[in-house]
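Participant: Structure of the sequence below:
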Amino acid sequence: MAFFPIPHFTPITSLIYFLLLSSTTTTLPILSLNITHLLSPYPDLSAFSALLLSTTVAADLTHRSSLTLLAVPNSLLHPPTHPSTTTLADLLRYHVLLQYLPPDLTSLPPSGKLITTLYQTTGRATSNFGSVNVSRDPTTNSVTVGSPATFSSSNATITSLVQNLPYNVSIFRINSLLVPFGFDLMASDSRPNLGLNITKALVDGHNFNVAAAMLAASGVVEEFEADEGGAGITLFVPTDEAFSDLPATANFQSLPADKKSSVLKFHVLHSYYPLGSLQSIVNPVQPTLATESMGAGSFTLNISRINGSVAINTGIVQASVTQTVLDQNPVAIFGVSRVLLPKEIFGKNPIEMRGGFIGGAQPPGVSQSPENSPGMYGPANHLSSPPGFIEVRSESGNNGLQSINYALFCILLYLIV
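Facilitator: Reported below is the predicted structural model:
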């Protein structure tokens, strides 16, 4: 009879096997949320789902990983008769809570919990009235959602759970459309013209002459000023020193007119964000005006808070907000320390500036956004691939993991031998 030796597993050998197995992983998944797919099996929520899609709010949720959606059934959905696109979108954003709530809501305090909504992040809400107070009746355990404003008459009761992806997404039915306190349901997309001259505002800032000249020469400044209505705009304008720091390999002036226009639009967000909103921004990846003309997912900026200041990362250049040039709703203009170079035009390698190397990696000290931090209702988000999420593969993160595993394996093998 043949006997096969049973291998003796010590902690060291177990660790080596673990490292070998983990190093064989070929990809790391990054998931994309399809909220309308999650709502599609429920005919009574079809109108609400259609509104999310038509107002692009569904697109706003694509890269979010921790939220609660309060869905209004068709029979109870009574939006304003002739709302502007922005008004309707903001009304729907008020139903997106930027925190995951579990199916069992009995852990909610009777006094209520204040939760930020997607509407609050637009900067168009008055005070904290873009948030909602979620409270539980200790007698009946019914959960009510309403405005934190004392005299608000708009509230709704959660009636049932629709969908739940643990620690990531919850969808609940509510029995009424929620309206933020002080919200103007009859607001028009065509706001009164402020008569704002962006070029003059930059010249008056005394340190933005190069940017002012480029905007005037390109003709895009008129487009920016036309976009003041509706959601407003936020401009990040490089200082004169930022242009002088550009290396020869990133010669902005030599670009053809269409690409130069794309770079300028890359410095603009199609929404009004005062400085406080930028500092507390929940979704760090923001589309720009260039995204609208070049396609979804391209020409985006990563905005975060680093060491108390607002940092803007393009993937190859990282800049910081240095000053507020103008803040007059619906227009905000901020000075930034670097020219924001899109990787779609200038390549994917970090740019060597004359004033120092500015790479695409985030430096230490970056505070996590709420959606990536551990919450009171569950652990930090580690997304699996449930229905409603689209899986995207990331090779760069995987290569780094394989390198680390290989190095650890070599060290451990050396110690054993």
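Participant: Please count neighbours and contacts with C-alpha atoms only from this point.
Facilitator: Noted.
Participant: could you give the mean pLDDT of stretch 330-343?
Facilitator: Averaging pLDDT along stretch 330-343 gives 91.
Participant: The residue nearest to residue 210 when sequence neighbours are not counted: what's it in contact with?
Facilitator: Nearest residue to residue 210, sequence neighbours excluded (Cα to Cα, 6 or more residues apart in numbering): residue 240, at 5.8 Å. Taking Cα atoms under 8 Å, 6 or more residues apart in numbering as the criterion, residue 240 is in contact with 207-211.
Participant: Can you flag which of those residues belong to strands?
Facilitator: The members of those all map outside strands under DSSP state E.
Participant: Just the ones in helices from those, please.
Facilitator: Residues of those located in helices (DSSP state H): 209-211.
Participant: before we move on, back to that, check what pLDDT the residue nearest to residue 210 gets.
Facilitator: On the pLDDT scale, residue 240 gets 91.
Participant: ok, now how distant is it from residue 312?
Facilitator: According to Cα to Cα, to the nearest Å, residue 240 and residue 312 sit 18 Å apart.
Participant: can you tell me which of the ones in helices among the contacts of residue 240 lies nearest to residue 125?
Facilitator: residue 211 (30.9 Å; Cα to Cα).
Participant: my guess is the closest one contacts residue 235, does it?
Facilitator: No. Contact criterion Cα atoms under 8 Å: residue 211 and residue 235 do not qualify, at 11.3 Å.
Participant: Which parts of the stretch 201-350 of the chain are helices?
Facilitator: 209-218, 220-226, 240-244, 257-265, 275-279, 289-294, 343-346 (DSSP state H, counting those that start in this stretch).
Participant: Could I get these in a markdown table, plus columns for distance to residue 137?
Facilitator: Shown next, in a markdown table, are the helices of the stretch 201-350 of the chain (distance: least, Cα to Cα, whole Å):
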| stretch | distance to residue 137 |
| --- | --- |
| helix 209-218 | 56 |
| helix 220-226 | 48 |
| helix 240-244 | 56 |
| helix 257-265 | 49 |
| helix 275-279 | 33 |
| helix 289-294 | 45 |
| helix 343-346 | 52 |
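Participant: Compare these and give me the one nearest residue 112.
Facilitator: Nearest of these (Cα to Cα): helix 275-279, 24.1 Å.
Participant: May I have the closest one as CSV, with CA atoms only?
Facilitator: Extracted C-alpha coordinates of helix 275-279, given in CSV (Å, rounded to 0.1, in the frame of the first residue of the first chain):
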residue,chain,number,x,y,z
LEU,A,275,-16.0,76.9,-1.6
GLY,A,276,-17.8,75.2,1.3
SER,A,277,-19.5,72.7,-1.1
LEU,A,278,-16.1,71.9,-2.8
GLN,A,279,-14.6,71.2,0.6
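Participant: What average pLDDT does it get?
Facilitator: On average, helix 275-279 scores 82.
Participant: Tell me which residues of that helix come out buried.
Facilitator: 275, 278-279 (16 or more other Cα atoms under 10 Å).
Participant: now do stretch 262-277
Facilitator: 262-275.
Participant: again, but for stretch 108-115
Facilitator: 108, 110, 112, 114-115.
Participant: likewise stretch 131-146?
Facilitator: Neighbour count says stretch 131-146 has 131-136, 143-146 buried, by 16+ other Cα under 10 Å.
Participant: Farthest-apart pair in the buried residues of stretch 108-115, please.
Facilitator: Pairwise over the buried residues of stretch 108-115, using Cα to Cα, the maximum falls at 110 and 115, 14.5 Å.
Participant: closest to residue 44 among the buried residues of stretch 108-115?
Facilitator: When the buried residues of stretch 108-115 are compared against residue 44 (criterion: Cα to Cα), the nearest one is residue 115, at 26.2 Å.
Participant: SS state for the closest one?
Facilitator: The assignment at residue 115 comes out as strand when based on DSSP: H, G, I helix; E, B strand; the rest coil.
Participant: how much space between it and residue 130?
Facilitator: In terms of Cα to Cα, residue 115 sits 9 Å off from residue 130.
Participant: Who are the contact partners of the nearest residue in space to residue 278 that is not next to it in sequence?
Facilitator: Leaving aside its chain neighbours, residue 278 sits nearest to residue 310 (6.9 Å; criterion: Cα to Cα, 6+ apart). Counting by Cα under 8 Å, 6+ apart, residue 310 makes contact with 278-279, 303-304, 320-321.
Participant: JSON lines please, covering the residues you listed and showing distance to residue 72.
Facilitator: Formatted as JSON lines, these follow (distance: Cα to Cα, whole Å):
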{"residue": "278", "distance to residue 72": "30"}
{"residue": "279", "distance to residue 72": "31"}
{"residue": "303", "distance to residue 72": "32"}
{"residue": "304", "distance to residue 72": "33"}
{"residue": "320", "distance to residue 72": "41"}
{"residue": "321", "distance to residue 72": "40"}
